[in-house]
Each structure stands twice: as structure tokens, then as C-alpha cells.
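Student: need a structure here:
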Amino acid sequence: MHPSHVAAGRLLLVHFNAPVRRNLCGQLAGVGCNVRGVETIDEGIDLLTGGPVFPVVLVVACGDASRMRSAYDELVEGIASLQSASATSQILLVCDSRVDIAWCCHAINNGVAGFIEYENDGIPTERLQSRLDHALARYERAVADARQIHDGSLAERTGIIGVSHGMARILSQSARAAEVSDAPVLIYGESGTGKQLLAEMIHRLDGKRAQKPFLSVNCAAITGSLAESALFGHVKGAYTGATEARAGYFRAADGGTVFLDEVGELCPTLQPKLLRILQEGMVMPVGSDREHAVDVRVIAASNRRIPALVEAGDFRLDLYQRLNVISLELPPLHERREDIPLLIDFFVKKYANLYNKPIGRVDRRVYELLVDTSLEGNVRELENTIRRALAIKDHGDELTLADLPASLLARHGQNLVEQAPIIDRESIKNACQLITSGRITLPEFIEQCERLVLAHAMKTNEIDHNDLSRQLGLSTRTLYNKRRKYGL
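Tutor: As a prediction, this is how the structure comes out:
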């Protein structure tokens, strides 16, 4: 082991069996490691939380076979907790041949950086040194990436915002993926999590392809007779109406990247041709009798699990295997809530500039409400929420609860105490401009006005529900339903 690596920090060893733990600590010390052994993962978490830095954590998952089988799920949860306690620490799993491969894949998805095979007499020294050197190099890169995330430089380079552990991890993995310029990438993530943005980041960081085209294809939208031509091109006269040749996405992106969004929806008849491109780098235009060589990196994305589509017979297994060289998974917004205030600030600044609104502050309650809100549309829904709020806001330099959509406030039972704006000729003119420019629909504008009028009436009139309904010209039932709708 390199001396500089040893000096970089300590190694933490977790194993319940004291004799085995002592033997492994002795072996690690023998190759120059400064190692600390603990019996349980909880002890390891306590050490990692606010304690000394441990660049590498070795978790031993071997011993009594029946005990380990019953403890596998608990062990995965513990590994995820270890990773949460120290985002940059590299967790290596020490295991033997009895560990199930499917479980190992599950462990990788929960934070394991690699595996070391344990034999009866310990771990071969050469193998141990190799794995530790690799893990320590990954640790150094993770520290550098974390520094860029927290100082904002990575957000400036990539356009992706986030300081949560999940985003730090995915950005680090994506930066590594960009270095392997010819490897296909498969990105999983719910709708609205930013799969295309991540694909664009990988393209921009790819030193070989960054200056070449990045073309995005929505596979769900290119069904039908012209889909093959759109992807792979056609020659003149290939079919009725083909009055001139067309290159198609793959030839047009030669040297660059093609992003296949929702690749799980790709028509089965087109899958063999895509496989041919991935295997041989050759594309056959419609109506042509010869293939063309292309040098294209393929980044695919899906919000559906491709193995399930393979099992159902809707997706080719060999194509999935070719696409799944590097797999990345974007976390949904509810798993990275600490990023929501940063995203709010970003979108407020973006749309305040776009709509020329002098917004300089955000009410603390706006942050609290949106952090607590279940946004099924993820980052896209959060962005649209801020955009709608700023599009209709016509006074004040602070984004407040009253500016948020009524449906969102109603979900939280928010009581509005904001004074309703005065509806004068200028306000109506501004509203018409917002509506005709497409920034807001007429029903959304009417809903906003109704909500503010009701809130203002309830604030300034200390009368009962029946009297208020008469003043507003509404039946008591209608007023009750509107108050419930808007959370008043």
C-alpha cells in the first residue's frame, strides 16, 4: 500500500466475531494500515458521526452461514446508514462465496463500493492491497467532488443543484461515467427527476464528445411508420413522400451523444437496429443497401425497470445488456429534501429575471411548506410551482405563501392572511398579458383571485359563516366547499 494512502486516514473494520476481527486487524496493520475494529454497525456509525475520518470501512459479511442469511437485509440497512453517516467513505464488503449475487447487487445500490473475497486463512495480501488502493483513490475523488458540490463549482459546471448525499453520490458516479467515453449509460429515475439534465452533464464532461452534437430522442413519441427513418435515416425515394435523403438522429450525432429518453417504450421492431449500432457501430438507413459507420455514445433513460420489461417480453435481453454497462439512478425529490431550499432559490432567481420581477426574498414558510410537500412530479413540479407563482405575482419583493397555488396550500390547510390586491384597470391589463402570453391560464388566474378575495374577507370580517356567505353572495354550502378547497 502506498504510504500517502495510509496517511490519508484510518480504516474502520466492522465484524461481530472478535477472533476474526482481531485477525483481520492484524493483517491490515501488517500492510501499513491504521485500523480500528468495532463489533457492530451502530458502533461504526457513532465513530463516523462527528469523529475521526475513515476513508475506507470494511464490513465483514462472512462467518456462520445461517446467521448471515438471516442478517442480510439488516446488514444492507446498516450499510446505507454507514454511507449516510459519512458520504465520502468507501465501504468494502468482505464476503465469501456463499453470499448471493443478487444480494451483492442490492448491497451495491445501498452504498457498497466493492467486494473483497475472504478465504479460510484470511485475505490474500496482494488482493487486499489492490482493493484498498482502489478504494482510497475513489475516496480522494469523492472528497474532491464533495468540495465542488458545496462550493457551488460543480453546479456551475453541470447545471445540476444538490448537496444531499444522494445527489453527491450520483454526480460523482456521473463524472466517472463521463471519463469512459464509449460506454453506454442507463439512467433510471421517476418522471421529473432530471434524467435528461444528467445525460447532458455526462456529455459536457466527456472530453472526447463535448464539442460534438447532443441529440435527445423521446422513444415514446417516435412510434409508427416514420420512426425508423427518424432514428436511422432514409435514402431518397425510400417511400412515398421521401423526396430527399435524411440522415436520422444517429448519423446526425456522429461523434457525439444520442440520448434515448424512455427507452423502455422503444418499438420492438426498432430494437434490433439499435442493438446493431451498440454492437458494431453501424446504421442502415431505410431503403439503403449499405450500412454507415457511426461513432455515437448512447445514454438511455427510463422510469420503468427494464428487467421487468425483458421478463414480460417487451424488451430484448441482449439490448438491455448492451445498454446497462453503466447504471445510474436519480433519487426522487422526497429522498433529497435538503436540496429543496437550494432549488427554490435557483428557480426564484431564474423566473424573477425571466419575468422581470424584483423578488429578493422568500418567506421562510414557503421553504417549510415545500420541503414538507409530496411533489409527485419531483423537480419539474417544484419548478412549475415557482414559475406559476412568479408569473402571476404583481406586487412585492418577497415570495410568500399567498403566491403559491391554492391547491398546494389546501393540501396543507394553510390559512391565508394576505391582503387581496386591488382589481383596477391596470391589474386587468396585466392579467390579460399574462394569460395571452401563456404564462398562466384563465382558470388558474380566476382561482388565484377567488382565493385571495376569500382570505381577505375572512380576515377583515369577524362574522359567522352564514353572514359571510350572504355578504359574498354564495350559499353556505358553496362557501364551505371553497374554504375547504383553499385551506381557509
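Student: give me every residue that touches Pro181.
Tutor: Heads up, residue 181 is Ser, not Pro. Residues in contact with Ser181 (C-beta atoms under 8 Å, 6 or more residues apart in numbering) are 206-209, 297. (Glycine included, C-beta is placed from N, CA and C.)
Student: Which helix or strand contains it?
Tutor: Assigned by DSSP states H and E, Ser181 falls within no helix or strand.
Student: and it, what pLDDT?
Tutor: Here, the pLDDT recorded for Ser181 equals 82.
Student: Phi first, then psi, for it.
Tutor: phi -60, psi -30 (degrees, to the nearest 10).
Student: Ile435 now?
Tutor: When read as degrees, to the nearest 10, the backbone of Ile435 gives phi -70, psi -50.
Student: swap in Val185?
Tutor: According to degrees, to the nearest 10, Val185 has phi -130, psi 140.
Student: give the contact list for it.
Tutor: Neighbouring residues of Val185 by C-beta under 8 Å, 6+ apart: 177, 199, 202, 297-300, 325-328.
Student: can you tell me which of those are in strands?
Tutor: The strands, defined by DSSP state E, take in 297-300, 326-328 from these.
Student: Among those, which one sits closest to Ser229?
Tutor: Val298 (18.7 Å; C-beta to C-beta).
Student: so the closest one makes contact with Leu278?
Tutor: Yes. Assessed by C-beta atoms under 8 Å, Val298 is found in contact with Leu278 at 6.3 Å.
Student: between the two, what contacts are shared?
Tutor: 184, 323.
Student: more neighbours, these two?
Tutor: Between Val298 and Leu278, Val298 has the larger neighbour count (other C-beta atoms under 10 Å), namely 22 against 17.
Student: and that one, what is it in contact with?
Tutor: Val298 touches 184-185, 257-258, 260, 274, 277-278, 323, counting by C-beta under 8 Å, 6+ apart.
Student: Could you list which of those residues belong to helices?
Tutor: Under the assignment DSSP state H, these contribute 274, 277-278, 323 to helices.
Student: JSON lines please, covering the residues you listed and showing distance to Val112.
Tutor: Converted to JSON lines, the ones in helices among the contacts of Val298 look like this (distance: C-beta to C-beta, whole Å):
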{"residue": "Leu274", "distance to Val112": "31"}
{"residue": "Ile277", "distance to Val112": "33"}
{"residue": "Leu278", "distance to Val112": "28"}
{"residue": "Leu323", "distance to Val112": "23"}
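Student: could these be laid out in TSV, adding pLDDT and distance to Cys219?
Tutor: Shown next, in TSV, are the ones in helices among the contacts of Val298 (pLDDT from 0 to 100; distance: C-beta to C-beta, whole Å):
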residue	pLDDT	distance to Cys219
Leu274	91	10
Ile277	92	14
Leu278	92	15
Leu323	93	12
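Student: Quick check: PyMOL command selecting the buried ones in these.
Tutor: Buried members of the ones in helices among the contacts of Val298, defined by 16 or more other C-beta atoms under 10 Å, are picked up in PyMOL with:
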select buried, resi 274+277+278+323
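Student: and the two most separated of the ones in helices among the contacts of Val298?
Tutor: Ile277 and Leu323 (11.1 Å).
Student: returning to what we had before: show me which of the contacts of Ser181 are buried.
Tutor: Buried residues within the contacts of Ser181, counting neighbours by 16+ other C-beta under 10 Å: 206, 209, 297.
Student: in the stretch 151-300 of the chain, which spans are strands?
Tutor: For the stretch 151-300 of the chain, the strands defined by DSSP state E, counting those that start in this stretch cover 185-188, 214-218, 257-261, 282-283, 292-293, 297-302.
Student: nearest to Lys429, of those?
Tutor: Between Lys429 and the strands of the stretch 151-300 of the chain, the shortest gap by C-beta to C-beta is with strand 214-218, which sits at 38.2 Å.
Student: Mark out where each domain of the protein begins and ends.
Tutor: 3-146, 160-331, 335-486 (automatic domain parsing).
Student: Serialize the ones in strands among the contacts of Val185 to a markdown table and add fields for pLDDT and distance to Ile116.
Tutor: Formatted as a markdown table, these follow (pLDDT from 0 to 100; distance: C-beta to C-beta, whole Å):
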| residue | pLDDT | distance to Ile116 |
| --- | --- | --- |
| Arg297 | 95 | 32 |
| Val298 | 95 | 33 |
| Ile299 | 96 | 31 |
| Ala300 | 96 | 32 |
| Ile326 | 89 | 22 |
| Ser327 | 89 | 22 |
| Leu328 | 91 | 24 |
